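K.L.:
One predicted model, sequence on top.
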Amino acid sequence: MPAAMHSWYLRNFYLENLLIKKDALHLAGENIDLGRITQPLYAVSAEDDHIAPWRQTFRINNFVAGSRRYVLSTSGHILGIVNPVVNPPKRDYRVGAAERHDTPEDWRERAELRHGSWWEDWMAWLKPQSGKLVAAPPVAAKRFPPLADAPGTYVLEQ
């Protein structure tokens, strides 16, 4: 991340916490108000995340208007998210609907504990909201013709 971008990010998101203040954060000429977000939210955090502590990330549920599903994975910042489906399962997660003004502790008490990867829950949540599966559109165009078939010639280079 370039220094100017990092400075802007830290100032606006951490020092001034503008994301949770209605219309206080300006991005690409738009005022941001989390309360205008009405689509369903699937939020994931990790129990031992030292960069984005889960009790803080849980607060997003107080600011968006749509339905909210919150997931708390075991482990830390990286492993809690990169938790692929494996057999036997190596990790656990808690999952459940989050209501406005829930405390993290109230939510955790009623959330369901599951063994395995939260990815399976995410796919089950996502599929009914995603619409019909369709073929991908062509990537190449007259202006940008393909250079080679996938995976590309770079994989053959030594």
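P.N.:
Nice, thanks for sending it over. Note that the structure is predicted; figures quoted are calculated from it, not measured.

K.L.:
List the buried residues for the longest helix along the chain?
P.N.:
Identified as the longest helix of the chain according to DSSP state H is helix 118-130. Using 16 or more other C-beta atoms under 10 Å as the test for burial, helix 118-130 gives 118, 119, 121, 125. C-betas here are computed from N, CA, C, even on glycine.

K.L.:
which stretches of this structure aren't confidently modelled?
P.N.:
Within the chain, not a single segment meets pLDDT under 70.

K.L.:
could you pull out the helices for it?
P.N.:
Under DSSP H, the chain gives helices at 3-9, 54-57, 104-110, 118-130.

K.L.:
In JSON lines: these, plus distance to residue 136.
P.N.:
Formatted as JSON lines, the helices of the chain follow (distance: least, C-beta to C-beta, whole Å):
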{"stretch": "helix 3-9", "distance to residue 136": "31"}
{"stretch": "helix 54-57", "distance to residue 136": "32"}
{"stretch": "helix 104-110", "distance to residue 136": "37"}
{"stretch": "helix 118-130", "distance to residue 136": "14"}
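
K.L.:
domain assignment for the chain?
P.N.:
Per automatic domain parsing, the domain ranges recorded for the chain read 1-32, 35-130.

K.L.:
how far away is residue 75 from residue 52?
P.N.:
13 Å (C-beta to C-beta, to the nearest Å).

K.L.:
for residue 42, same thing?
P.N.:
16 Å.

K.L.:
which of the two has more neighbours?
P.N.:
residue 42 (16 against 11; other C-beta atoms under 10 Å).
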